[in-house]
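Asker: Output the structure for:
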Amino acid sequence: AWSVSVSVWAKQLHVEVPAAGASFAYNPPLFQPQHLTPFWHDLVALQQGEQRTVSVLHIGDSHIQADYFTHPVRLTLQAKFGNAGRGLITPLRAAGSNEAFNIKTSTTGSWQTQRATQSVGNAFRSPVGVSGLSLGTMQLGASLMVNSCRDCGTQYPIRELQFWFYPSPQSFAWQIRDESGAELVTISGQGDGDPAHIMQQVKQVLPSAQTQLSLHTAMTNGDEAQNLSVLYGLNVLSGQPGVLYHSVGLNGASLQDWLNAELLEQQVADLNVDLIVVSLGTNEAQVDADKFDTVRYTRQLHALVSLLQRASQNAPVLLITPPNSYRHKRANATLTQVVRAQVAYAQQYGIGLWDMYALTHRPEQLAYWLQRWMRPDGVHFTPEGYVQQANYFMAALMQGYHNYEQQMASTVELPPLNLHEVLP
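Answerer: A predicted model of the protein is given here:
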C-alpha cells in the first residue's frame, strides 16, 4: 500500500519513477576532512585510554528531531569507541510535539513550554538553550519522567545527571526519584539570589544506575515563598568512558531560531564538546529561489558557527547540507542556493562538510528516494530513509577516521641524532 501511494504521488509531481532495481549509490566523501583532525585525535586518545569522553553535538531541524538519522550514528560510534551515555534528552512531548523515537518522557501537573521556534508572543516566555526548549511550572509536586532507552538497540543506564534550571529565591527544589518513586537526591533550586544569574548547572552522580527517573518540584524547609521551577535542559550519562552523541533538532528550525536561543552558548560550553555537526537549511529554502538572500543566510551561518566554536573552545565544525526535496510538487530549486552558500562558506573558512544533497540532487536520484524512502510531503523521509542517509554519512565519517589512522601509522619517528657519532 505504501509503494502504491508513493508512486501515485510521484506522478502528481511530474517525476519519472526509476525502474525496479535502479541504484544510485554514489557516496560523497567528507569535504576538507583535515579540519576534523582534532576530533580524529580525540577518538584515537579515547581508544588508547588517554581520554575518557569524546562529545559530539549535532544541531538541526525536523530531519534531526526524531533521532532516526542520528541514532544509527550514535550506535555506530559507541559500538566502536564506548558508550558514555544517551546524552541530551529533550522532552518535546510536554510541548505537544514529537520527540526522539527511542526515549520516553511524560509529565504530571501543569507545565508550560517555550521552544526556540516559537514567537515571543507565547504565554510562557522563557530563555532557551541547547535543547531548544524550556519547561516551567508553578505547581508543587509537578514531575517530569525520563526513560533514556525505549527500543533503542542498546542500554543507556543513567549514572550521572546534568541539568540546567532557573535559580531564584522563589524556585522549588528538584527532587530526583527512581522508577519506584524512591528519592535518590534533592537539589536546591534557589541559587545565590543574584538576579543576573538566570541559569544554574548541576552535575549529580546518582547512588546507582537508573534507566528511568523523574524530577519532582519540592519545597524545602517549609518555605512557602517557593512557587516556580524552570528547566532548561537535561543530559544523562552512563559514567563510563566512550562517546556522547548529543542530538537536538526542532521542527521548522532555521539558523536564526538557534541564534535566538539565549542560553545556547553557555550550555554548549558546559557540555565540553569535541565536534559540532550542523544540519540546517531545509526551512530557509521554503521561499522562491529569487527571494533567497544568500548574503543574509551566510551571515547567519557565520554567526552560528562562530558562537558554537567560541563556546566549545574552537572545536571543529562539520556542516551537513540538506537533502533535496520537493516544493509545490517540484524539486525545490532554492535548495541549490542554500547548498552553494554552505559549500562556499566551508571553503572560505576551511571547515568540514558532508554533501548529503549530492545523494539526491539529480531528478532521477530524487525520484528514486521518493519511491522508496520519502514521506508523502516530499520533504521528510521514512525511518528507513533516514537510516540509509546515516549509513552514507557514517561511511564517509569513518573513512576520514581510517585515513587519519593510516596517516599516523605511516609517520615514522626518527631517533634523536647523536652528533658525536656522525661528526669527525
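Asker: For the protein, which segments are assigned as helices?
Answerer: Shown for the chain, the helices assigned by DSSP state H span residues 2-12, 37-47, 62-65, 70-81, 255-259, 264-271, 294-311, 334-349, 363-373, 383-409, 419-422.
Asker: Run through this structure and note the low-pLDDT ranges.
Answerer: Low-confidence segments of the chain, defined by pLDDT under 70, are located at 1-26, 119-123, 153, 411-424.
Asker: Report the contact partners of residue 148.
Answerer: Under the criterion of C-beta atoms under 8 Å, 6 or more residues apart in numbering, the contact list for residue 148 reads 85, 86, 89, 103, 156, 157, 158, 211, 212, 236. No exception for glycine: its C-beta is placed from N, CA and C like everyone else's.
Asker: so what's residue 161 up against?
Answerer: With contact taken as C-beta under 8 Å, 6+ apart, residue 161 is in contact with 176, 202, 203, 204, 206, 213, 234, 235, 236, 237.
Asker: Give me the buried entries from the residues you listed.
Answerer: Members of the contacts of residue 161 that pass the buried threshold by neighbour count (16 or more other C-beta atoms under 10 Å) are listed as 176, 202, 206, 213, 234, 235, 236, 237.
Asker: would CSV of the residues you listed with distance to residue 272 be doable?
Answerer: Output for those, formatted as CSV (distance: C-beta to C-beta, whole Å):
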residue, distance to residue 272
176, 22
202, 16
206, 20
213, 23
234, 16
235, 11
236, 15
237, 12
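Asker: wait, which of the residues you listed is closest to residue 318?
Answerer: Within those, distances to residue 318 taken as C-beta to C-beta reach their minimum at residue 235, with 20.9 Å.
Asker: which residues does that closest one form a beta bridge with?
Answerer: With beta bridges defined as DSSP bridges, residue 235 has these partners: residue 88, residue 162.
Asker: quick one: stretch 94-105 to chain centroid distance?
Answerer: How far stretch 94-105 lies from its chain's middle: 14 Å, per C-alpha atoms, centre = their mean, to the nearest Å.
Asker: Now do it: everything it contacts.
Answerer: Where contact means C-beta under 8 Å, 6+ apart, the residues beyond stretch 94-105 that reach it are 65-68, 71, 86, 89-93, 107, 111, 113, 115, 133, 135, 144-153, 247, 251, 383.
Asker: Quick one: end-to-end length of that stretch, please.
Answerer: Its first and final residues considered, stretch 94-105 spans 8 Å by C-alpha to C-alpha, to the nearest Å.
Asker: got the buried residues for that stretch?
Answerer: Burial within stretch 94-105, assessed by neighbour count using 16+ other C-beta under 10 Å, is assigned to 94, 95, 97, 99, 100, 102, 103, 104, 105.
Asker: before we move on, what about stretch 84-97?
Answerer: By neighbour count with 16+ other C-beta under 10 Å, stretch 84-97 contains the buried residues 84, 85, 86, 87, 88, 89, 90, 91, 92, 94, 95, 97.
Asker: And for stretch 155-170?
Answerer: Along stretch 155-170, the positions that meet the burial threshold by neighbour count (16+ other C-beta under 10 Å) are 156-168.
Asker: Among these, which one sits closest to residue 290?
Answerer: Comparing every one of the buried residues of stretch 155-170 with residue 290 (C-beta to C-beta), the shortest separation belongs to residue 164, at 42.3 Å.
Asker: ok, for that closest one, nearest residue in space, not its chain neighbours?
Answerer: residue 232 (4.0 Å; C-beta to C-beta, 6 or more residues apart in numbering).
Asker: does that neighbour really touch residue 167, like I thought?
Answerer: No - the pair residue 232 and residue 167 fails to qualify as a contact (C-beta atoms under 8 Å) at a distance of 10.7 Å.
Asker: what do those two both touch?
Answerer: Between them, residue 232 and residue 167 share the neighbouring residues residue 199, with contact defined by C-beta under 8 Å, 6+ apart.
Asker: hmm, back to that, restricted to strands, list the contacts of residue 148.
Answerer: In strands, defined here by DSSP state E, the members of the contacts of residue 148 are 158, 212, 236.
Asker: out of the contacts of stretch 94-105, which are buried?
Answerer: 65-68, 71, 86, 89-92, 107, 111, 113, 115, 133, 135, 144-149, 152, 247, 251.
Asker: ok, residue 213 to residue 244 distance?
Answerer: Distance of residue 213 to residue 244, computed by C-beta to C-beta, to the nearest Å: 18 Å.
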